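S.K.: model this:
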Amino acid sequence: MLSVEVGAPYPSDVNTAEKAILEEWQQAAAILPSALQPPQWQAAAPGSQIATELGKWAQASPRPLCGLN
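M.R.: Numbers count the residues shown, from 1 in each chain. Reported below is the predicted structural model:
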């Protein structure tokens, strides 16, 4: 399970909050087999970083990221 709680200390700094969240997720995903880990996060526009990186992870993953068909 992934959380966004780590971004809570930055309510008025979206860029910092997103970076903190993505860093936490990268660390949490390290327990996954390498083929399922997300690609290294790249810089994206503040406010769209999470959606951008989750999209890249979904495209790179050999498995779906959710149970929806």
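S.K.: Apart from its chain neighbours, what residue comes closest to the most centrally placed residue in the chain?
M.R.: With distances taken as Cα atoms, centre = their mean, the residue of the chain nearest its centroid is Leu22 (4.3 Å). Once flanking residues are discounted, Leu22 sits nearest to Trp41: 4.8 Å by Cβ to Cβ, 6 or more residues apart in numbering. Any C-beta I mention is one placed from the backbone N, CA and C, and that applies to glycine too.
S.K.: Run a quick neighbour tally on that neighbour.
M.R.: 18 (other Cβ atoms under 10 Å).
S.K.: And the helix or strand of the chain with the lowest mean pLDDT, what's buried?
M.R.: In the chain, no helix or strand scores lower on mean pLDDT, DSSP states H and E than helix 49-60, which sits at a mean of 92. Burial within helix 49-60, assessed by neighbour count using 16 or more other Cβ atoms under 10 Å, is assigned to Gln49, Ile50, Thr52, Glu53, Lys56, Trp57.
S.K.: Show me the two of those residues that sit farthest apart.
M.R.: Gln49 and Trp57 (12.3 Å; Cβ to Cβ).
S.K.: residue ranges of the helices in this protein, please?
M.R.: Applying DSSP state H to the chain gives helices spanning 14-29, 49-60.
S.K.: if we can go back for a sec, what helices or strands is the least confident helix or strand of the chain leaning on?
M.R.: With contacts taken as 3 or more Cβ pairs under 8 Å, 6 or more residues apart in numbering; DSSP states H and E, helix 49-60 sits against helix 14-29.
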